[in-house]
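A.B. asks: Just the structure for this:
(one chain, ligands or ions: 1)
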Amino acid sequence: MDPEIPKLSFDLVIVGAGVAGCVLASRISHARPHLRILLLEAGVDKDDRVLPTLGIMGGFDSNLEWNYRSVPQARGFGGEVVNLTSGKIVGGGSAVNYQTFTRGPAVDYDQWAELVQDPRWSWSSLLPYFKKSETWFPSADLRERGLPTTDLHGHDGPIKVSHATNSGRPRNYPLREKSRRFHELRGCQHALDINGGNPEGYAEAFNSTYEGLRSYAAGYGLGENVTLWTRSLVEKIVVEQGAAKGVVVLRSVGDTDTHERFYVEASKEVILSAGAQSSPKILLLSGIGPTAELARHQIAPILDLPVGRNYADHPAIFTYWAIDLPNAVLGDGEMQGPDLDWTAGLPYDWISFAPADQGTRELARQFLPADQYQRYSAEGKLQVEAFTVYTSVDTCTRTPLAPGWPGKRVFSIAHILVDPVSRGTVTLRSADPADPPILDPNLLASPVDRSALYECVRSCARAIQAVEGLNAVEWGVDDALREDWSDEAIESRARKMGAGTVFHPSGTCAMGQVVDGDCRVLGIQGLRVVDAGVIPIPLAAHYQAPMYGVAERAAEIVLGEV
Ligand SMILES: Cc1cc2nc3c(=O)[nH]c(=O)nc-3n(C[C@H](O)[C@H](O)[C@H](O)COP(=O)(O)OP(=O)(O)OC[C@H]3O[C@@H](n4cnc5c(N)ncnc54)[C@H](O)[C@@H]3O)c2cc1C
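C.D. replies: Numbering: from 1, shown residues only. Below is the predicted model:
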């Protein structure tokens, strides 16, 4: 280490105060008050804009985000780049996300556990940790049924999880019954509780919000033994003789643009929780990763591991629908009233998950290796998700919003591929830590993925137009396209209307490949990764709920050793 750089010493250094970083720092600091813990976050500590439920939502190039873009994506994206933003503030993604809260199917976790030969990552092993993170406000429907699934939920955790019919504010949206009918016409059955391990069907969505306020990872209280440094960018990990010794961090001086570089020693360990895009970048900058990649940037190699490979994200396409019903969508009527509060949560109520259609399953049989096909077609696996949002949202922002958006009497349908088989890469642009990584999620590269997502779009279009009394007409496309739901026409919509991902990067430091079942980087002592990068196979979920559970589990593993 450069002897000129000031040196500090802590027991534990946690890099990134996002979902996983906040959970780890909170649980470990309270259980081990004698440990000196440094929590390092590149973004700011607080920003009042994130506090109200709809106060800020990522994807729109705010200063609370890593406003990353992909390399040009082929197929549905016509060679264009897509928005791959993530949170840059204490709370990470949970401070800027849309607050959908889904755990995903039990079978996904069971396959994860089987893949890494470690039962601690199975559904039944993780369930207590999912519960530990949440305080649940059950939906009106589940209360009327006598709370049959209450044992599957947490009742005193830091994250408040509610539904449109019980979020502390009246949210009886006018299109509720028509939206329910839409899911039924898609062939979805009503599911009792989509966070109970079998989310197939439609049910009232879960959200990390209550009384109009975002409930997010910053709500995990830190012990007094935690020192939090914000506006502090970790550049690399210092590894000597096969063990992580500490990190190099560039810290802003006060509120100025001046920076000071520190070397922070970690006497016990370094935990990387910088997220699935940044943790692989830091490992690569530290000499841990594919040898050829390191050589390209003249980085001295320490260990050859497939860091940055196996990059997955959930591709999404949005369609937009115009209706004549007054006061039915956000922006059309009063924002708040006795029966309705558009500001109390993302304006939607139902959400559905389904397996891919039969044609896609047949393609999967032809294209996927036998073991992958077996996983894809296993009982309970779900490939697609859909929901209506009672406003026109374009989270992908590759194109400027058309005049009049967010709009009068226009609502959106989100179609999401939650079990993609395509994988991409996170690589370095240069050896300069200030440069963003090169992100290539390789979206929809596989014909299996295109088939699953496009068929979901088609079935949703058929269903929404069949809802009695809705008279939904596709909005924002010309007449020629309106009747055309071929693959090419869907790709044309995606290019024109906005498509991308729903910001769920994973797999870039995959368990079984880069880290072991204890989240320890293979072959390096005193170094772990705990963030969405360790998820080895995509989960049919939005990733905050899984990450709260995974980080709770990891905190207990770390506590067994420190
Ligand atoms: C716009 C948007 C919408 C989303 N919507 C939803 C949703 O509705 N529901 C849902 O479940 N999930 C959603 N997600 C995804 C979810 O928020 C993430 O999956 C989750 O936050 C991942 O947790 P994590 O701990 O892996 O990383 P993060 O929460 O991203 O935390 C990583 C932290 O590390 C910090 N960091 C990065 N690099 C460095 C560095 N070099 N030095 C120091 N600090 C660093 C970052 O600033 C960040 O605070 C959304 C995400 C975004 C961005």
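A.B. asks: so what's Val473 up against?
C.D. replies: When contacts are counted by CB atoms under 8 Å, 6 or more residues apart in numbering, Val473 touches Trp321, Ala322, Ile323, Arg482. C-beta: built from backbone N, CA, C; applies to glycine.
A.B. asks: Mind listing the residues bridging to Val247?
C.D. replies: Ile237, Val264 (DSSP bridges).
A.B. asks: Only alpha carbons, please: show stretch 522-533 as CSV.
C.D. replies: C-alpha atoms of stretch 522-533 as CSV (Å, rounded to 0.1, in the frame of the first residue of the first chain):
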residue,chain,number,x,y,z
LEU,A,522,-13.7,-18.9,-3.2
GLY,A,523,-10.0,-19.1,-2.5
ILE,A,524,-9.7,-15.7,-0.6
GLN,A,525,-9.9,-15.5,3.1
GLY,A,526,-11.7,-12.7,4.9
LEU,A,527,-13.8,-11.7,1.9
ARG,A,528,-17.5,-12.2,1.3
VAL,A,529,-20.1,-11.0,-1.2
VAL,A,530,-23.7,-10.5,0.1
ASP,A,531,-25.9,-8.9,-2.5
ALA,A,532,-28.1,-9.8,-5.5
GLY,A,533,-24.9,-10.8,-7.3
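A.B. asks: Identify each buried residue in that stretch, please.
C.D. replies: Residues of stretch 522-533 classed as buried by neighbour count (16 or more other CB atoms under 10 Å): Ile524, Gly526, Leu527, Arg528, Val529, Val530, Asp531, Ala532, Gly533.
A.B. asks: which of these come close to the ligand?
C.D. replies: By CB under 6 Å from any ligand atom, the members of the buried residues of stretch 522-533 lying near the ligand are Asp531, Ala532.
A.B. asks: Could you identify the most distant pair in the buried residues of stretch 522-533?
C.D. replies: For the buried residues of stretch 522-533, the maximum inter-member distance is 22.1 Å, found between Gly526 and Ala532 (CB to CB).
A.B. asks: I'd like the mean pLDDT over the longest helix along the chain, please.
C.D. replies: Across the chain, the longest stretch assigned as helix under DSSP state H is helix 447-466. Taken as a whole, helix 447-466 has a mean pLDDT of 98.
A.B. asks: buried set for that helix?
C.D. replies: 447-461, 463-464.
A.B. asks: Val107 belongs to a helix?
C.D. replies: Yes - counting by DSSP: H, G, I helix; E, B strand; the rest coil, Val107 falls inside a helix.
A.B. asks: what sits against Val23?
C.D. replies: Ser133, Ala217, Tyr220, Tyr548, Ala551, Glu552, Ala555.
A.B. asks: you'd agree it is in a helix?
C.D. replies: Yes - Val23: assigned to a helix according to three-state DSSP.
A.B. asks: which stretches of the chain have low pLDDT?
C.D. replies: For the chain, applying pLDDT under 70 flags the ranges 394-408, 498.
A.B. asks: Residue of it closest to the ligand, please.
C.D. replies: Across the chain, the shortest distance to the ligand (CB to the nearest ligand atom) belongs to Gly18, at 1.6 Å.
A.B. asks: my guess is that residue contacts Ser273, does it?
C.D. replies: Yes - taking CB atoms under 8 Å as the definition, Gly18 is a contact partner of Ser273 at 6.2 Å.
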